[in-house]
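**Q** here is a sequence together with a model predicted from it:
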Amino acid sequence: TAEETLLPGDLMHILCRKYFVGSLADRAIDEGYEQVVSLGAGFDHLGAYLSKKSTVVFELDKPKMIEEKKAFVKAQKLNNQNLNFVACNVDETNLNEALKTHPNFSTAKKTLFVAEGFFDYLGQYSLKKLLADIKHLNSNNRLVSTFFSLDELHWLHRLFFKSGVAMVGDGVNGAPAMAN
């Protein structure tokens, strides 16, 4: 397939990552975590999956992505009372304020934060601020995250990855998107 030519192993990486993160989320819920915040949720399925299992989920992403996700969830009839959306660009907005303004979010509840493939897009300042915000909300919060270094990729695959990300208007590791 084209994906294997451009980024060998990427599909398997994503499948394994999805399985691993989903397993950790299920375990945290079994351990008493009452709500989940998915950072940079995009079109990921985790929020819909967990919300159907009666877990309160907050999908957090940039405003444009949240609008697209809401339309998709509605069209696919996946919406339910446990699936909540929070429009927030963490480079510009305080995570605590964004979540606290949502009527269904509770700082008193143990919260699992999921940052799957998310931190790769943040600069150091935004990352430190975000981690401090998570800790400040509730000391019992837990974070599940993934990370990969672009340095692990062959230079040509790194170029393909950065170009693909730039085409959708994002930057990598805090770098602005490439110019058109």
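**A** Perfect, thanks for sending it. Quick caveat, the model's predicted, so the values are computed rather than measured. Numbering: from 1, shown residues only.
**Q** SS state for residue 114?
**A** Under DSSP: H, G, I helix; E, B strand; the rest coil, the three-state class of residue 114 is strand.
**Q** which other helices and strands contact the host helix or strand of residue 97?
**A** Assessed by DSSP states H and E, residue 97 sits inside helix 95-100. In this structure, helix 95-100 packs against strand 56-61, strand 83-87, helix 124-137, with contacts taken as 3 or more Cβ pairs under 8 Å, 6 or more residues apart in numbering; DSSP states H and E. (C-beta placed from N, C-alpha, C; glycine too.)
**Q** any chance of those in CSV, with mean pLDDT too?
**A** Shown next, in CSV, are these (pLDDT from 0 to 100):
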stretch, mean pLDDT
strand 56-61, 97
strand 83-87, 97
helix 124-137, 91
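**Q** distance between the ends of stretch 142-158?
**A** 31 Å (Cα to Cα, to the nearest Å).
**Q** please apply the same query to stretch 31-43.
**A** When the termini of stretch 31-43 are compared using Cα to Cα, they are 26 Å apart.
**Q** now it: buried residues?
**A** 33, 35-42 (16 or more other Cβ atoms under 10 Å).
**Q** just to revisit the earlier point, now the helices and strands packed on helix 95-100 as JSON lines including distance to residue 145 and mean neighbour count?
**A** Shown next, in JSON lines, are the helices and strands packed on helix 95-100 (distance: least, Cβ to Cβ, whole Å; neighbours: other Cβ atoms under 10 Å):
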{"stretch": "strand 56-61", "distance to residue 145": "14", "mean neighbour count": "25"}
{"stretch": "strand 83-87", "distance to residue 145": "18", "mean neighbour count": "20"}
{"stretch": "helix 124-137", "distance to residue 145": "10", "mean neighbour count": "15"}
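**Q** quick revisit: got the CA coordinates for the helix holding residue 97 in PDB?
**A** What follows is helix 95-100, C-alpha atoms only, in PDB (Å, rounded to 0.1, in the frame of the first residue of the first chain):
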ATOM      1  CA  LEU A  95      -6.600  23.800  29.800                       C
ATOM      2  CA  ASN A  96      -8.000  24.300  33.300                       C
ATOM      3  CA  GLU A  97     -10.300  27.100  32.300                       C
ATOM      4  CA  ALA A  98     -11.500  25.300  29.100                       C
ATOM      5  CA  LEU A  99     -12.500  22.200  31.100                       C
ATOM      6  CA  LYS A 100     -13.900  24.000  34.100                       C
END
